[in-house]
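Asks: have a look at this fold, sequence not included:
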């Protein structure tokens, strides 16, 4: 069955989320004069990401609202469980200002989208909210590239659940067998897409993260994506197939 559309992850796939997150957090801590509490910027980012993961999992499980997980992330990271909502919101919003100032797309994104334009339809499936991701794509100059934007906060279900991928396919009005999914996470993105019946493409720019799930295409950069979608076996050999 030929691939007719590509669904994309956003953060660390199209957009350098890690770079922006690191820069935004470092500037926020410096602004408060508390960077010394966390050791190096890399160590601070690890703690921030751990807090993010803990509270996103609570949001994904329906235990807390989207805004609530942001507030709890701040309280957790700053080790201030009694912080009121307004103070947590203000701290997070100031972090967001620094984070947004560092936004950039990866250099291979626009060339890849240009190559694929006209051959495939495009959409986005993100484990965030439309209120967060739509402005981001617009600011980065990418929103008009995508027919649909499907986000976990509105769906009520997150990747890697099959229902999230199937909802995005439904938004495109295509069966999963005619859709590829491109993302940077081997489990949440690649395995989840594979298990939902999509062609799964794991974008592993850095390498060194192990073999990855069986039955997914692994690429080192988006210049290889066109070959995968066209069925060229020189590109994106499936993980686990020797």
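Replies: Here it is on my side, so go on. Every value quoted in this text rests on a predicted model; they were computed, and no experiment measured them.
Asks: what is the end-to-end distance of stretch 98-105?
Replies: One end of stretch 98-105 to the other measures 16 Å (Cα to Cα, to the nearest Å).
Asks: tell me what the lengthiest helix in the chain is packed against?
Replies: When the chain is parsed with DSSP state H, its longest helix is helix 41-60. When contacts are defined as 3 or more Cβ pairs under 8 Å, 6 or more residues apart in numbering; DSSP states H and E, helix 41-60 sits against helix 17-32, helix 66-78. Quick note: C-beta positions are derived from backbone N, CA and C, even for glycine.
Asks: which one of the ones you listed lies nearest to residue 111?
Replies: Between residue 111 and those, the tightest spacing by Cβ to Cβ is seen for helix 17-32, at 19.0 Å.
Asks: list the helices and strands the closest one packs on?
Replies: The contact analysis (3+ Cβ pairs under 8 Å, 6+ apart) places helix 17-32 against helix 41-60, helix 85-101.
Asks: quickly, which of those helices bottoms out on average pLDDT?
Replies: Among the helices and strands packed on helix 17-32, helix 41-60 carries the lowest mean pLDDT, a mean of 92.
Asks: low pLDDT regions in this structure?
Replies: 232-242 (pLDDT under 70).
Asks: related to what we said a few turns ago, and of the helices and strands packed on helix 41-60, who's closest to residue 212?
Replies: helix 17-32 (18.7 Å).
Asks: so for the closest one, what gets flagged as buried?
Replies: Neighbour counts over helix 17-32 (16 or more other Cβ atoms under 10 Å) mark 17, 20, 21, 22, 23, 24, 25, 26, 27, 28, 29 as buried.
Asks: save those as a markdown table, and put in distance to residue 50 too.
Replies: As requested, these are exported to a markdown table (distance: Cβ to Cβ, whole Å):
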| residue | distance to residue 50 |
| --- | --- |
| 17 | 16 |
| 20 | 18 |
| 21 | 13 |
| 22 | 14 |
| 23 | 19 |
| 24 | 17 |
| 25 | 13 |
| 26 | 17 |
| 27 | 20 |
| 28 | 17 |
| 29 | 16 |
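Asks: which of those residues lies closest to residue 3?
Replies: For those, the residue nearest residue 3 by Cβ to Cβ is residue 17; the value is 25.7 Å.
Asks: list the helices and strands the strand or helix carrying residue 111 packs on?
Replies: Following DSSP states H and E, one finds residue 111 within helix 109-116. Applying 3+ Cβ pairs under 8 Å, 6+ apart, we find helix 109-116 packed against helix 225-229.
Asks: now the helix it packs on: buried residues?
Replies: 225, 228, 229.
Asks: mind listing residues that contact stretch 203-216?
Replies: For stretch 203-216, the external contacting residues (Cβ atoms under 8 Å, 6 or more residues apart in numbering) are 13, 106, 182-184, 186-187, 190-191, 193-194, 200-202, 218-222, 238-241.
Asks: so of those residues, which ones are in helices?
Replies: 193, 194.
Asks: generate a PyMOL selection restricted to the buried subset of the contacts of stretch 203-216.
Replies: The buried residues among these can be selected in PyMOL (16+ other Cβ under 10 Å) with this line:
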select buried, resi 13+106+182+183+184+186+190+191+193+194+200+201+202+218+219+222+238+239
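Asks: give me the domain ranges for the protein.
Replies: 5-16+104-229, 17-101 (automatic domain parsing).
Asks: pick the most buried one from those.
Replies: Ranked by mean neighbour count under mean count of other Cβ atoms under 10 Å, those are led by domain 5-16+104-229, which reaches a mean of 19.
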